[in-house]
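Structure, please.
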Amino acid sequence: MLEHEEVIVNIIKKEKIFLIFLVAFVLRLTVFLLFRPWDIQVQTESVLDGDAPEYHKLAECIVNHFTFCGNTFRTPGYPFFIAIFYTLFGAKPWVVLFAQIFVDLVTIFYVLKIGEMVFSRRVGIIAATFLAINPNSIFTTASLYSDSLFVALLSAFLYFYLRGLKLGEGRNFLIAGGLLALAVLVRPVGQYYFLILLFFTLLWPTRNLVTRLKWGLLYTLAFVITISPWLYRNYTLYDTVKLSSVQGETLLFWQVGYTRGWETHQSREVIAAEFKSQARALGYSENSNPFTNESIAQKLAVQYIKTHPVVFASRWIKGMINTYVNLGTADIVNKLGMTPTQLPPDSFVNEKGFKLISLFLQTKSFAEISSGLIVLVLLLINYSTFLLGAYVLMRRHQLAVFALFVASIVFFTIPGGPMGLARYKLPCEPFYLLVGAVYIDQFLNRRALRVAARDVASDRGSNPAVNT
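Modelled structure (predicted):
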């Protein structure tokens, strides 16, 4: 009888998991179909915008010439991912967007497995459910950006890394190091995350120091071997052992640019042009070594930060806050086939809180306000349960896992800086959804116990035989 009941319970659990993935797939496919990215006009106006044209061009370079067209600003991971589909189906960005639906399902799968392994099966199911209906994840999947692939690789890495810490199997650290290196080749910001996780590996409280050193060595070896070919490429071509030249130029022309724009009430583009002129006076040139250009850009950025530390720090903090309160309604409406209403340029950077809310309500369409309310409700649930889940983990003394998750959230929040885009919090979502799911799981457990206790009390009150 017990075996029969266990089989039934397992079937129900499997059906729940299947339903999560079905809902996730249907939501992402619906957005894909409404967006119509195969339409030439949509592709020109909406798909190939922002960073997407550069990824598209680099993928064509790989397919047609098996080169990276001398680019050092990007790493090869995402263009190579695109190039796989361009090789098979031709240069059709919409095919890549369709494939990213399944990439996002991989993220949901690993979030479920992490929750199940570290906490409980229901924690994994709850976190995966919230990720399945997460608007930020759904709508970013329909963009020719590297975020979805990066988060999928990051989630897979985290699963094998935590599995290694739990089971003590060296091969898990080899797999984890390789996966994190692949994620870094998609978005180079992850190279510093490698160091944070190495620190956690060496200090993890459940094993002796010799074992932890062995784990760290395996993890480091797999990571270094995987990124070495790209480092070697940059060394042979540009005499520099770095993954990309993105850091200095982004810091000057975007992050400092936004800060300076807020300070002077000018657009980022105008400020970027001024900085470019200053950089040229120091030797910056499109024809020179790109890593030399990056060094010049970083030097100018650091000079500005040193002379305006309070302004820069305040704008950076506000930008990080905006990342978490940004509802991303313009992207949502655009992907649903409607025309978004744009806020004034740089308003997220230049306007204060209540004025920004008022500006949002006055400027945005009914569709954007409605979708924004839905996103806002989900964000409030996610953030409040995260805080409550953090309290639960501290009460349970699961401090090592909690510290790892919080360090990860902080790490992936910081690089966004003053820009405050909604998609910048994508790498953080698995972490805070898992912590929030811990609280929801405890709440459901306590509720079930209260119901059971009430039923027992009711049975005793209605059954004289029990009372005697």
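
Just the helices from the stretch 1-150 of the chain, written as ranges.
For the stretch 1-150 of the chain, the helices defined by DSSP state H, counting those that start in this stretch occupy 2-35, 40-42, 52-65, 77-89, 93-118, 121-132, 135-141, 147-167.

and the fifth one with helix 147-167, angle?
If I follow you right, that is helix 93-118. Interaxial angle of helix 93-118 relative to helix 147-167 (axes from the mean of the first three to the mean of the last three C-alpha atoms, to 10 degrees): 20 degrees.

Now do helix 93-118 against helix 52-65, angle only.
Going by the same axes, to 10 degrees, helix 93-118 is angled at 100 degrees with respect to helix 52-65.

tell me which residues of helix 93-118 are tucked away?
93-101, 103-118 (16 or more other C-beta atoms under 10 Å). Glycine gets a C-beta too; all of them are placed from N, C-alpha and C.

list the contacts for T240?
Shown in contact with T240 (C-beta atoms under 8 Å, 6 or more residues apart in numbering): N234, N289, F291.

For C61, see how far away it is.
20 Å (C-beta to C-beta, to the nearest Å).

can you check L251 too?
Following C-beta to C-beta, the distance that separates L251 from C61 is 26 Å.

who has more neighbours, the two?
Counted by other C-beta atoms under 10 Å, L251 and C61 do not tie: L251 has more neighbours, with 21 against 17.

what about the closest residue in space to the more buried one that isn't next to it in sequence, which SS state?
Of all residues not flanking L251 in the chain, A301 sits nearest, at 4.3 Å (C-beta to C-beta, 6 or more residues apart in numbering). Following DSSP: H, G, I helix; E, B strand; the rest coil, we place A301 in the helix state.

Does A301 touch V256 like I think?
Yes: contact status for A301 versus V256: in contact at 4.8 Å, counting by C-beta atoms under 8 Å.

what sits against the residue lying closest to K364 once chain neighbours are set aside?
Closest residue to K364 apart from its sequence neighbours, by C-beta to C-beta, 6+ apart: T341 at 5.2 Å. When contacts are counted by C-beta under 8 Å, 6+ apart, T341 touches A330, V333, T363, K364, S365, E368.

List buried members of these by neighbour count.
Applying 16+ other C-beta under 10 Å to the contacts of T341 flags A330, V333, K364, E368 as buried.

Quick check: W215 touching T201?
Yes: W215 lies in contact with T201 (C-beta under 8 Å); the separation is 5.3 Å.

The two: which is more packed in?
Counted by other C-beta under 10 Å, W215 and T201 do not tie: W215 has more neighbours, with 26 against 23.

Could you report the distance from the more buried one to N172?
9 Å.

go on, Q442?
As for Q442, its distance to N172 is 28 Å (criterion: C-beta to C-beta).
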